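Undergrad: How does the following fold in three dimensions:
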Amino acid sequence: MLVLNQPAYVLHSRAYRESSALVDFLTPQGRLRAVLRGARGKAGTLARPFVALDAEFRGRGELKNVSRLEATGIPNLLSGEALFSGLYLNELLIRLLPAEDAQPAIFDHYALTLLALGQGRAIEPLLRSFEWRLLDQLGYGFALDQDLHGQAVVSDGIYRLQTDDGLVPIGQWQPGAFQGAELLAMADANWQTPGALAAAKRLMRQALAPHLGGKPLVSRELFMTLKEPTRD
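TA: Below you'll find the model as predicted:
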């Protein structure tokens, strides 16, 4: 029987049989799915998102068993927009990461992003950085300062994204296009440039869409509900 000792985070859990939970974990060895027995007891209190864990998994198949689960640090206590942002990251990872595909760089970046969210840092730059790193590590990245022909992006140029290939220069503005100045600001993570953050959000949505399929992200819909003004 294969035994894996891994640092881990819970991405999602749901009830399974009488007293167990079926849990998706993020580890440096990738996304693992495992049965957590006794989930209604002490073990279940650890099976929460955003808690750094040390876990032991047993089993050779895709569905493993959790034989040990311990918290290794102070939980990242997220609330409000930071909480919904953390749930968004978790949903992205569940939807995009292949099972048991080792991604230590993604694991490390996820841990740092959770820490930054818990510290109250600006949310939008954190999300754009994570989306970009995730796409790049999964092989879907593209240059922001060069078009798909290898020519340098110019600040007064206009470009559109050709999914999985890169940026294409176009002669005139069209819906969904990007200004060269915005793309160059993204390349330098210069979020002080007017319009750069909004353009980065549009760009990441375009880049992620083909890999997410037609099913909407639940966390994004919840976040939009949070942002809607309340009515009397």
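Undergrad: Confidence-wise, which helix or strand of the protein is lowest on average?
TA: Lowest by mean pLDDT, DSSP states H and E among the helices and strands of the chain is helix 42-46, with a mean of 62.
Undergrad: if I read this right, residue 178 contacts residue 161, doesn't it?
TA: Yes - if you go by C-beta atoms under 8 Å, residue 178 and residue 161 touch, sitting 7.4 Å apart. Yep, even glycine has a C-beta here, placed from its N, CA and C like the rest.
Undergrad: These two - which one has more neighbours?
TA: Comparing residue 178 with residue 161 by other C-beta atoms under 10 Å, the one with more neighbours is residue 178, at 24 against 20.
Undergrad: Identify the bridge partners of the more buried one.
TA: residue 159 (DSSP bridges).
Undergrad: export the strand with the most length in the chain as CSV, just CAs?
TA: In terms of residue count, the longest strand belonging to the chain (DSSP state E) is strand 3-16. Extracted C-alpha coordinates of strand 3-16, given in CSV (Å, rounded to 0.1, in the frame of the first residue of the first chain):
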residue,chain,number,x,y,z
VAL,A,3,1.7,5.9,1.9
LEU,A,4,2.1,9.6,1.2
ASN,A,5,3.1,12.2,3.8
GLN,A,6,2.3,15.6,2.5
PRO,A,7,1.6,19.2,3.5
ALA,A,8,-1.9,19.9,2.3
TYR,A,9,-4.9,22.3,2.1
VAL,A,10,-8.5,21.3,1.9
LEU,A,11,-10.1,22.6,-1.4
HIS,A,12,-13.5,21.1,-0.9
SER,A,13,-15.3,18.4,1.2
ARG,A,14,-18.7,16.9,1.3
ALA,A,15,-20.5,14.2,3.3
TYR,A,16,-19.7,10.6,2.3
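Undergrad: Show the contacting residues for the residue minimising distance to the centre of the chain.
TA: Geometric centre of the chain, nearest residue: residue 89, 3.3 Å, by C-alpha atoms, centre = their mean. Neighbour list for residue 89: 110, 113-114, 127, 130 [criterion: C-beta atoms under 8 Å, 6 or more residues apart in numbering].
Undergrad: Let's have these in CSV, adding neighbour count.
TA: Output for those, formatted as CSV (neighbours: other C-beta atoms under 10 Å):
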residue, neighbour count
110, 22
113, 20
114, 25
127, 20
130, 24
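Undergrad: ok so, going back, check which helices and strands the longest strand of the chain sits against.
TA: Judged by 3 or more C-beta pairs under 8 Å, 6 or more residues apart in numbering; DSSP states H and E, the packing partners of strand 3-16 are strand 20-27, strand 30-36, strand 53-58, helix 80-96, helix 104-118.
Undergrad: With distance to residue 8 and mean pLDDT as extra columns, can I get the ones you listed in JSON lines?
TA: Below are the helices and strands packed on strand 3-16 laid out as JSON lines (distance: least, C-beta to C-beta, whole Å; pLDDT from 0 to 100):
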{"stretch": "strand 20-27", "distance to residue 8": "5", "mean pLDDT": "93"}
{"stretch": "strand 30-36", "distance to residue 8": "8", "mean pLDDT": "93"}
{"stretch": "strand 53-58", "distance to residue 8": "4", "mean pLDDT": "92"}
{"stretch": "helix 80-96", "distance to residue 8": "12", "mean pLDDT": "94"}
{"stretch": "helix 104-118", "distance to residue 8": "9", "mean pLDDT": "96"}
